[in-house]
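Asker: the sequence and its predicted three-dimensional model are supplied below.
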Amino acid sequence: MNEEYITASYLVHGKQDYHKKAQAIAYGLTVGTWTELAPEKQKALAPHLGHVVEVREVEPGDDGVERAIIRIGYPVVNFTADIPAILTTVFGKLSMDGKIRLIDLELPEPILQQFPGPRFGIIGLRNLLGAPNRPLLMSIFKQCIGLPLDDLQAEYEKQVNGGVDLVKDDEIYFRDDNAPIFDRIKAFEAYNRKHEEKTGRKVLYAPNLTGPVTELVERAKRMVEAGASCLLLNVAPYGFDILHRLAADPDVSVPIMAHPAFTGAMYASPEYGTAAPLLLGKLMRWAGADIVLYPSPYGSVAMPKDEALQVASNLREENGVHEPALPAPAAGIHPGLVPLLYRDFGSDLLVNAGGGVHGHPGGAEAGGKAFTAAISAVVSGKSLAEAAQSSPELRAAIEKWGGHEV
Ligand code: 1AE
């Protein structure tokens, strides 16, 4: 890769002169007009001039619409090393200019090195949890808004006793007047310690980091000081740069979990916005997420399988600089889907469920046990049906939601 340029790839929809469009982007988003500039001005601005890397027409789809992929090189000297600078340059005004979609970004290594990336990554998380090679399991608090701490504590204990590795707050949990965040952290982390003493198993709790954006780094530090072992952040509503600043701060010394809230407004259209593998894969990882939640190809909020796999690949594959981040393809996941997730995503996967834990006929503890039985089964090459013979919790889950053997 040319180290002098950041390369952005776009999918342009509709018949047009793609070369002219590409040239207009390369000039328009770097030095403005070019050919009309006086020679001395051209000389001064030349280091800042974008260039067309590629224009490739793609086969029209079933809809018959013509499309092309355009790749533009932007001089690195135009940027500060942060996601706001990159997104504003390569897809600021352009994002509003007709049917055009940002599908990829390639950063040269010297720029990539200026992004924090995951502090823990997959290996760090596995070390923290003492779980070297199986898929990890996370449960999500549900129906927590308005509940008093005692009720939440009881729910927390059930989730942990079910055998999960992590418990996260629901991402919509902002008003916690009846169970303030620092009280939750102290209570739940105390239970984590007790649980570890009894079972030897570690559990991480990810409280929702919320509040005015200018206060988030300080608040995160106070949460860590209070004992938080992980943090949940709704990255898109707050902006990628706050994730970057949290991940880069040595005092925010716990894994950061990125929730995909609001990103559907950015990636879901095939013609506009930003492709999910870039948004939820590369950008989240560069900015420092250790774990990234996003829709799985199954369940209630589905993402097409090829996209979901590409998000995971962008989170996990070698990029020469950053630790791999852990994908958590989620939403509507129940134990019967574990074989499909394991087949498609392998071991470096966080199985994540809210309703699939709490909605178990035997309650949240049984829900966790059903998932752990399903995970043990797939890892040891057993079918769900076989595993269900020795796990009444898994049997009940399959009776309720069905089971998918592969
Ligand atoms: C892709 C995000 C999933 C999520 O945040 C969530 O709350 C899922 O809940 P369930 O498992 O669908 O109940």
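Answerer: That came through, no problem.
Asker: please name the nearest non-neighbouring residue to Lys168.
Answerer: Ala206 (4.0 Å; CB to CB, 6 or more residues apart in numbering). Glycine gets a C-beta too; all of them are placed from N, C-alpha and C.
Asker: and Val58, bridged to which residues?
Answerer: Arg67 (DSSP bridges).
Asker: so for Lys41, what's the pLDDT?
Answerer: Reading off the confidence values, Lys41 has pLDDT 85.
Asker: elements contacting the helix or strand where Ile122 lies?
Answerer: Ile122 belongs to helix 121-129 when elements are defined using DSSP states H and E. If you count contacts as 3 or more CB pairs under 8 Å, 6 or more residues apart in numbering; DSSP states H and E, helix 121-129 packs onto strand 136-140, strand 326-330.
Asker: residues in contact with that helix?
Answerer: Contacts to helix 121-129, defined as CB atoms under 8 Å, 6 or more residues apart in numbering, come from residues 118, 120, 132-133, 136, 165-166, 202-204, 229, 255, 290-291, 316, 322-326, 348.
Asker: narrow the residues you listed to those in helices?
Answerer: Those of the contacts of helix 121-129 mapping onto helices are Arg316, per DSSP state H.
Asker: among the contacts of helix 121-129, which lie within strands?
Answerer: Leu136, Leu166, Leu204, Ile291, Leu326 (DSSP state E).
Asker: so which of these comes closest to the ligand?
Answerer: Ile291 (11.5 Å; CB to the nearest ligand atom).
Asker: domains of this structure?
Answerer: For the chain, automatic domain parsing gives the domain ranges 5-112, 121-401.
Asker: nearest residue to Gly146 other than its sequence neighbours?
Answerer: Per CB to CB, 6+ apart, closest to Gly146 is Asn178, 6.1 Å.
Asker: kindly report the same for Ala308.
Answerer: Pro297 (4.8 Å).
Asker: so the one you found, which of the three states?
Answerer: coil (DSSP: H, G, I helix; E, B strand; the rest coil).
Asker: residues contacting it?
Answerer: So Pro297 contacts Met303, Pro304, Lys305, Ala308, Leu309, Pro329, Leu340, Asp344 (CB under 8 Å, 6+ apart).
Asker: go with 10 Å
Answerer: 303-309, 329, 337, 340-341, 344-345 (CB atoms under 10 Å, 6 or more residues apart in numbering).
Asker: give the bridge partners for the most centrally placed residue in the chain, please.
Answerer: With distances taken as CA atoms, centre = their mean, Val292 lies nearest the centre of the chain, 2.6 Å away. Counting by DSSP bridges, Val292 forms beta bridges with Ala258, Pro327.
Asker: can you list the residues of this protein near the ligand?
Answerer: Taking CB under 6 Å from any ligand atom as the criterion, the chain approaches the ligand at residues 140, 170-171, 259-260, 293-295, 300-301, 330-333, 353-356.
Asker: the spatially closest residue to Asn208 that is not a sequence neighbour: how many residues sit nearby?
Answerer: Among residues not flanking Asn208 along the chain, Asp169 sits closest, at 4.1 Å (CB to CB, 6+ apart). Burial of Asp169 is recorded as 25 neighbouring residues (other CB atoms under 10 Å).
Asker: tell me which two of the ones in strands among the contacts of helix 121-129 sit farthest apart.
Answerer: Across those, the longest distance by CB to CB is 11.8 Å; it joins Leu204 and Leu326.
Asker: what is in contact with those two at once?
Answerer: The contact lists of Leu204 and Leu326 share Leu125, Leu136, Met138, Pro255, Met257, Ile291, where a contact means CB under 10 Å, 6+ apart.
Asker: selecting buried members of these in PyMOL, what would you type?
Answerer: Remark: buried members of the shared contacts of Leu204 and Leu326, expressed as a PyMOL selection using 16 or more other CB atoms under 10 Å:
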select buried, resi 125+136+138+255+257+291
